[in-house]
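Enquirer: let me see the structure of the following:
(chains A and B)
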Amino acid sequence: MNIIVCIKQVPDTQDVKMDPERGTLIREGVKSIVNPFDLYALEEGIRIKERTGKGTVVALTMGPPQAEEALKEAIAMGVDRGILITDKAFAGADTLATSYTLAKAIEKIGSPWVIVCGRQAIDGDTAQVGPELAAWLDVPQITYVSKILEIDEKRIKAERLTDYGYDVVEATVPCVITVNKEINEPRLPSLRGMMKAKRFKPEIWDSSSMDVDRKYIGLEGSPTRVIKIFAPPQKIGGQKHEGTPEELAKIIVKKFEELKII
Amino acid sequence: MIDYFLTEEEEIIKELARKIAEEKIKAKRAYYDETQEFPWDIVKIMAESDLFRIFIPEEYGGFGGGVMSLTVAVEELSRGCAGIALAYAGTALGTFPILLFGNEEQKKKYLPRIAEGELAAFALTEAQAGSDAGNIKTRAEKRGDYYVLNGTKQFITNGGEAGIYTVIALTNPEKGARGASAFIVEKGTPGLSFGKKENKLGIRASATREVIFQDCKIPKENLLGKEGMGFIIAMKTFDYSRPGVAAQALGIAQAALEEATKYAKERIQFDVPIANFQAIQHMLADMAIKLEAARALTYQVARNIDKGNTKITKESAMVKCLASDVAMEVTLNAVQIFGGYGYMKEYPVEKLMRDAKITQIYEGTNQIMRNIVASQLLKEVK
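Expert: This next block holds a predicted model:
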């Protein structure tokens, strides 16, 4: 039984600047980090193993060769295995092609129990890969999980955070869950983990090591096209007025008259 | 930056200790400084991160690192908060007597527990026995298979919080210092209790407390070394632990230098950053020069100890004295550079100044350090 945690290496958005002329991100000199939500996913993956005493925790990532660093961080935290999917053929993948490729890798890993993803990546902010992954694998999904209530070899019961409160959802396993920051506090790496990470070499899988249909991967498998990236204009703060309801009503009416709304 | 050629392992220790300081300690240090509560949450994080394994040999669940590894860890933790770091450094101090003089049984029993994060403490000082450590009064009387301890230890770091205490007590009072012996006493032993918790100027996150023995009966197997070796054990322990105090001082001074440099570039007076003034520049330069010199000597002595050099009494005293004097000077100047703001608790440098002071006092005052250096020096010249 494998607890598979999907992680992504992203630019540290605190450092990211936009090129205003070209409307693109300036990537040079920007530090790469593990997507912060994925740290919660890694922590929860490790905790599932700790609380049940079962399973192997596998960190899975797709990206350029330097994404190996993200896997090293996962190893330092205590995951058992790290797999890097990297190939020029995968480049340009949108969320659909990414989730397809991850699904194929999970098929190759075999016997999935729980697949844990961060709720979204801080670079694209789509929150699509987790749900799409469940669709490709044809397994249930529980998104925005804030607490795993019960888990065994057959079922998982979890609390998911919603705008109106919590849902408690039960599903059969294998199951994809995406996690919120409320779920745990990611641990720091241990010395043993960091020493292991130092010597760690990931298993590297390319397009020939998985049973992939070429029309679903990379740019070709990506129906999404980015037409333009731009920073939205900054919102200008509104006006604030204080007074009695009567006074405030007069101000509003006057404003509406000025704007020729009434 | 000077490259001190840290080993791969030391680099990892440094990185991890800095991560703990940056991500966990900094956010909580003002709280613990204010409340004087014991920082158990941070101690737990240190334990889970394997920090206590650094100075424990591999066969007892540790990493088998030496004084240099410990120095690197203590320096980085102290850069975050010297008070919180002391829970860790004080444990190393309490562990050295077992590491250096414990028999196989004692090592097997206690070292794995410390590796897992159980705290230790070293108990020598008494009300009338500070610098004059030979004047201790705590008795250990042998009765059959037991020793019975009576007396009160004072200013004990980790007192009340530690599970394992290494204690110096007199087995033969007529012989004075030569009649002292060292013992391991576990928390929970009947007759062991804890008295007044001190309200301190600095290192307020650290517990400093009286440790009281009233007919405290411990098995004779808990004697470290032989009867009469108490002071030899204490002095040898200090040879190994004093670079740790130096490391603490380095961490405090490093934090002060960083804060002062940053502030000098931000603070505008007379329409320019105060860093533009030569008066400030020279202060910063002196702080940096002295700190780096103290660090270089501390690391070199730590490496010497790890290489098996046993004649280290003078050198350990030197680094403790130098680094703590530097830390005091650097933190005082950091407060000066911050001016009025430096005196306020909203800024971090007044705490650094308060924390620095203790490093000139404990594990032997710097006056005693100079006595040691001078006496060794005079002995060496025939």
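Enquirer: so who does B:G130 touch?
Expert: B:T365 (CB atoms under 8 Å, 6 or more residues apart in numbering or on different chains). Every C-beta, even on glycine, is put in place using the N, C-alpha and C of the backbone.
Enquirer: backbone dihedrals for it, please?
Expert: phi -100, psi -100 (degrees, to the nearest 10).
Enquirer: look at it and report its pLDDT.
Expert: For B:G130, the pLDDT comes out at 95.
Enquirer: report pLDDT for A:R22.
Expert: Looking at A:R22, the pLDDT reads 66.
Enquirer: ignore what I typed, I meant A:K255.
Expert: 89.
Enquirer: surely it is within a helix?
Expert: Yes - counting by DSSP: H, G, I helix; E, B strand; the rest coil, A:K255 is part of a helix.
Enquirer: ok, now how distant is it from A:I26?
Expert: Computed as CB to CB, to the nearest Å, the A:K255 to A:I26 distance reads 41 Å.
Enquirer: also A:I177?
Expert: With CB to CB as the criterion, A:I177 and A:I26 are 34 Å apart.
Enquirer: go on, A:T101?
Expert: Per CB to CB, A:T101 is found 27 Å from A:I26.
Enquirer: what about those two, which has more around it?
Expert: A:T101 (26 against 13; other CB atoms under 10 Å in any protein chain shown).
Enquirer: what about that one, which helix or strand?
Expert: Element membership for A:T101 (DSSP states H and E) is helix A:95-109.
Enquirer: got a list of contacts for the helix or strand just after that helix?
Expert: Later in the chain than helix A:95-109, the nearest helix or strand by DSSP H and E is strand A:112-118. Defining contact as CB under 8 Å, 6+ apart, one finds that strand A:112-118 is touched by A:1-8, A:35-42, A:44-45, A:48, A:54-55, A:106, A:129-130, A:133-134, A:137, A:139, A:151, A:153, A:156, A:173-179.
Enquirer: drop anything exposed from these.
Expert: Buried members of these, counted by 16 or more other CB atoms under 10 Å in any protein chain shown: A:2-8, A:35, A:37-42, A:44-45, A:48, A:55, A:106, A:129-130, A:133-134, A:137, A:139, A:151, A:156, A:173-179.
Enquirer: tell me, what's the model's pLDDT at the closest residue to chain A within the stretch 151-300 of chain B?
Expert: Using CB to the nearest CB, the single residue of the stretch 151-300 of chain B nearest to chain A is B:A247, 17.4 Å away. At B:A247, the model reports a pLDDT of 98.
Enquirer: other SSEs contacting whichever strand or helix holds it?
Expert: Assigning secondary structure by DSSP H and E places B:A247 in helix B:230-266. When contacts are defined as 3 or more CB pairs under 8 Å, 6 or more residues apart in numbering or on different chains; DSSP states H and E, helix B:230-266 sits against helix B:67-80, helix B:82-101, strand B:164-170, strand B:180-186, strand B:272-273, helix B:278-306, helix B:313-338, helix B:349-359.
Enquirer: how much does the second one deviate in direction from helix B:349-359?
Expert: In other words, helix B:82-101. 20 degrees (axes from the mean of the first three to the mean of the last three CA atoms, to 10 degrees).
Enquirer: how about whichever helix or strand comes after helix B:82-101: buried residues?
Expert: Helices and strands here follow DSSP H and E; after helix B:82-101, the next one along the chain is helix B:104-115. If you call a residue buried by 16+ other CB under 10 Å, then helix B:104-115 has these buried ones: B:106-107, B:109-115.
Enquirer: pLDDT of the helix or strand following helix B:104-115, averaged?
Expert: For helix B:104-115, the following helix or strand on the C-terminal side (DSSP H and E) is strand B:120-123. Taken as a whole, strand B:120-123 carries a mean pLDDT of 98.
Enquirer: point out the most buried one among the helices and strands packed on helix B:230-266.
Expert: Stretch with highest mean neighbour count among the helices and strands packed on helix B:230-266: helix B:67-80 (a mean of 28; mean count of other CB atoms under 10 Å in any protein chain shown).
Enquirer: quick one: distance of that one to the chain centre.
Expert: 10 Å (CA atoms, centre = their mean, to the nearest Å).
Enquirer: quick one, helices of the stretch 101-250 of chain A?
Expert: In the stretch 101-250 of chain A, helices defined by DSSP state H, counting those that start in this stretch lie at A:129-137, A:191-199, A:245-258, listed in chain order.
Enquirer: okay if I get those as JSON lines plus distance to chain B?
Expert: Shown next, in JSON lines, are the helices of the stretch 101-250 of chain A (distance: least, CB to the nearest CB, whole Å):
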{"stretch": "helix A:129-137", "distance to chain B": "26"}
{"stretch": "helix A:191-199", "distance to chain B": "4"}
{"stretch": "helix A:245-258", "distance to chain B": "39"}
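Enquirer: so for B:V67, which of those sits nearest?
Expert: helix A:191-199 (16.9 Å; CB to CB).
Enquirer: off-centre distance for that closest one?
Expert: Counting by CA atoms, centre = their mean, helix A:191-199 comes out at 25 Å from the chain centroid.
Enquirer: elements contacting it?
Expert: Applying 3+ CB pairs under 8 Å, 6+ apart, we find helix A:191-199 packed against helix A:68-77, helix B:8-20.
Enquirer: what angle separates the shortest one from helix A:191-199?
Expert: Spelled out, it's helix A:68-77. 150 degrees.
Enquirer: please tell me how far helix A:68-77 is from the chain's geometric centre.
Expert: With CA atoms, centre = their mean, you get 16 Å for helix A:68-77.
Enquirer: give me the next element, helix or strand, following that helix.
Expert: strand A:81-85.
Enquirer: name the surrounding residues that touch that next one.
Expert: Under CB under 8 Å, 6+ apart, the answer for strand A:81-85 is A:56-63, A:65, A:67-68, A:71-72, A:74-75, A:101-102, A:105, A:109, A:200, A:202-206, A:210.
Enquirer: sheet partners, orientation included, of that strand?
Expert: Strand A:81-85 sits in its sheet next to strand A:56-62 (parallel), strand A:203-205 (parallel), going by DSSP bridges.
Enquirer: of the helices and strands packed on helix B:230-266, which is nearest B:F238?
Expert: helix B:313-338 (7.0 Å).
Enquirer: run the chain-centre distance for the closest one.
Expert: 14 Å.
Enquirer: so which bits of chain B are right by chain A?
Expert: Neighbours of chain A within chain B, by CB under 8 Å from any CB of the partner chain: B:8-9, B:12-13, B:15-16, B:19-20, B:23-24, B:45, B:48-51, B:53-54, B:63.
Enquirer: the residue most distant from the middle of chain B, which is it?
Expert: The centre of chain B is farthest from one residue, B:D271, which by CA atoms, centre = their mean lies 43.4 Å away.
Enquirer: please list the residues of chain A that sit near chain B.
Expert: Counting by CB under 8 Å from any CB, chain A sits next to chain B at A:187-192, A:194-195, A:198.
Enquirer: right, and B:S241 touches B:L93 too?
Expert: Yes - in this structure, B:S241 is within contact of B:L93 by CB atoms under 8 Å, at 4.6 Å.
Enquirer: rewinding a little: mind putting the helices and strands packed on helix A:191-199 into a markdown table with mean neighbour count and distance to B:E37?
Expert: Listed next are the helices and strands packed on helix A:191-199 as a markdown table, based on neighbours: other CB atoms under 10 Å in any protein chain shown; distance: least, CB to CB, whole Å:
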| stretch | mean neighbour count | distance to B:E37 |
| --- | --- | --- |
| helix A:68-77 | 23 | 28 |
| helix B:8-20 | 20 | 18 |
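Enquirer: could I get the helices and strands packed on helix B:230-266 as TSV with mean pLDDT?
Expert: Formatted as TSV, those follow (pLDDT from 0 to 100):
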stretch	mean pLDDT
helix B:67-80	98
helix B:82-101	98
strand B:164-170	98
strand B:180-186	98
strand B:272-273	98
helix B:278-306	98
helix B:313-338	98
helix B:349-359	98
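Enquirer: find the nearest non-adjacent residue to the one residue in the stretch 1-150 of chain A that gets nearest to chain B, please.
Expert: Using CB to the nearest CB, the closest approach of the stretch 1-150 of chain A to chain B is made by A:A76 at 8.9 Å. Once flanking residues are discounted, A:A76 sits nearest to A:P189: 3.5 Å by CB to CB, 6 or more residues apart in numbering or on different chains.
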